[in-house]
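All I have is the shape, not the residue letters:
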């Protein structure tokens, strides 16, 4: 059913909390697991600079992906790592389409509690743009 599972990671607690769901699904269905981390495009002005340092540094993202691969390896799961640059929601959906993912699993930061937060939410955008089902782990 879920031959290819895409798990976008960003170093957040929410992504770490989704790990158990990822392990469960990948082991249950014998899925191919692809870890994705997106280096966010630099913003034009300092005023808009809200990108966490970890998501703006290719070196930090490479280290994040290596740690995640090691964590899954400990559980007997071989995970492929993909690093891309761009806007997170659009990049996640593009990669899901390119790799013919059957499922995207994401943690949720809970920013969608207000109308303003919902509009800015990566999770919300992925749900609406994804070429495949999306499992959100609260």
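That came through fine. What you are looking at is a predicted structure, and each value in this text was computed from that prediction instead of being measured. Numbers count the residues shown, from 1 in each chain.

quick one: contacts of the host helix or strand of residue 92?
Element membership for residue 92, per DSSP states H and E: helix 88-98. Among residues not part of helix 88-98, those counted as contacts by Cβ atoms under 8 Å, 6 or more residues apart in numbering are 6, 8, 10, 34, 36, 38, 40, 55, 82, 84-86, 101, 104, 106, 122, 125-126, 129-132. Bear in mind the C-beta positions are built from the backbone N, C-alpha and C, glycine included.

Can you tell me which of these end up in strands?
Residues of these located in strands (DSSP state E): 6, 8, 34, 36, 38, 40, 82, 84-86, 104, 106.

so what pLDDT did residue 1 get?
If you check residue 1, the pLDDT there is 88.

and what of residue 112?
Per-residue confidence at residue 112 stands at 50 (pLDDT).

What helices and strands are in contact with the top helix by length along the chain?
In the chain, ranked by residue count with DSSP state H as the criterion, the top helix is helix 58-74. Applying 3 or more Cβ pairs under 8 Å, 6 or more residues apart in numbering; DSSP states H and E, one finds that helix 58-74 makes contact with helix 19-29, strand 32-40, helix 53-56, strand 79-86.

Now it: buried residues?
Across helix 58-74, burial judged by 16 or more other Cβ atoms under 10 Å covers 60-61, 64-65, 68-69, 72.

still on that earlier bit, type out the PyMOL command that picks the buried ones from the contacts of helix 88-98.
Selection of the buried residues among these in PyMOL, burial being defined by 16+ other Cβ under 10 Å:
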select buried, resi 6+8+10+34+36+38+40+55+82+84+101+104+106+122+125+126+130+132
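
Make TSV out of the ones in strands among the contacts of helix 88-98 and add pLDDT.
Compiled in TSV, the ones in strands among the contacts of helix 88-98 are given as follows (pLDDT from 0 to 100):
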residue	pLDDT
6	98
8	97
34	98
36	97
38	93
40	84
82	97
84	94
85	92
86	93
104	98
106	96
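
Return the closest of those with respect to residue 18.
The closest of those to residue 18 turns out to be residue 106 (Cβ to Cβ; 6.5 Å).

pLDDT value on residue 46, please?
pLDDT for residue 46: 46.

one step back: return the most buried member of the helices and strands packed on helix 58-74.
Mean neighbours per residue, mean count of other Cβ atoms under 10 Å, is largest over the helices and strands packed on helix 58-74 for strand 32-40, with a mean of 22.

I am finished for the moment; much appreciated.
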